[in-house]
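Chemist: sequence? don't have it. structure:
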Ligand code: GRF
């Protein structure tokens with residue numbers, strides 16, 4: 001399975017995929033890494049791995065739809081079977097989603113705590129268990145059909161940073177496991193139900 005991975009930050013989820021893809025038995029290859037900003041560690045990780053990168057910044061386009069189209073064109077050049085949004089802090093438009101199958105990883109147990117602050121919102125609510133979710137991206141914010149989830153306990157002395165870090169350890173493993181199975185076994189979506197194999 002040819003993967004284009006989209007990032008906006010440190011790219012540890014990307015790194016986990018890159019490490020997994022080093023094993024030919026994993027069944028996937030990262031063919032390109034895209035970002036919505038320059039100068040991030042996620043892009044540096046791709047460059048160190050010798051993988052093609054591209055950057056499309058919203059502010060360089062007259063309208064959001066123009067950015068969306070430019071991003072889609074850049075992604076299309078690499079002919080992905082799957083686009084993986086891994087810490088990509090932008091919503092893509094309907095045209096983008098019509099062209100590609102895309103999954104996103106979110107640091108909470110959907111449908112709880114959607115949006116930009118999944119770990120902080122879970123902590124503020126006082127839940128004892130949170131986690132991470134891999135889902136098929138749809139037009140909503142963290143609303144798409146769920147591919148995989150992993151639970152993570154909240155500790156009494158957690159702050160946002162310690163909780164998010166614990167979530168990210170589990171999130172990376174979930175992402176790698178699920179994408180690997182999708183590649184090797186195939187996958188389908190029926191309504192809200194995602195089936196692998
Ligand atoms: C992940 O927890 C992701 O779910 C969230 O931002 C984090 C990205 O981490 N949206 P990284 O850039 O992969 O290290």
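Modeler: Yep, it's here. Bear in mind the structure is a predicted one, so any value in this text is a computation, not a measurement.
Chemist: What's the end-to-end length of stretch 155-164?
Modeler: One end of stretch 155-164 to the other measures 12 Å (C-alpha to C-alpha, to the nearest Å).
Chemist: how about that stretch: buried residues?
Modeler: Neighbour-count burial for stretch 155-164, counted by 16 or more other C-beta atoms under 10 Å, picks out 158, 163-164. Backbone N, C-alpha and C define where each C-beta goes, glycine included.
Chemist: what's it in contact with?
Modeler: Contacts of stretch 155-164 with the rest of the structure, by C-beta atoms under 8 Å, 6 or more residues apart in numbering, involve 107, 119-120, 122-123, 130, 152, 154, 166.
Chemist: Give me the subset of these that also touch the ligand.
Modeler: Counting by C-beta under 6 Å from any ligand atom, residue 107 from those sit close to the ligand.
Chemist: Return the nearest residue of the chain with respect to the ligand.
Modeler: Using C-beta to the nearest ligand atom, residue 87 is the residue of the chain that sits closest to the ligand, at 2.6 Å.
Chemist: what's the burial count for that residue?
Modeler: When neighbours are defined as other C-beta atoms under 10 Å, residue 87 has 23 of them.
Chemist: Contacts only, for it.
Modeler: Taking C-beta under 8 Å, 6+ apart as the criterion, residue 87 is in contact with 7-14, 42, 105.
Chemist: So which of the residues you listed wins on neighbours?
Modeler: For the contacts of residue 87, the largest number of neighbours (other C-beta under 10 Å) sits with residue 14, at 30 neighbours.
Chemist: Where does that residue sit, in terms of helix or strand?
Modeler: helix 12-21 (DSSP states H and E).
Chemist: which strands and helices sit next to that helix?
Modeler: Packing partners of helix 12-21 (3 or more C-beta pairs under 8 Å, 6 or more residues apart in numbering; DSSP states H and E): strand 2-7, strand 29-35, helix 41-48, helix 160-185.
Chemist: Fine by me, we can end here.
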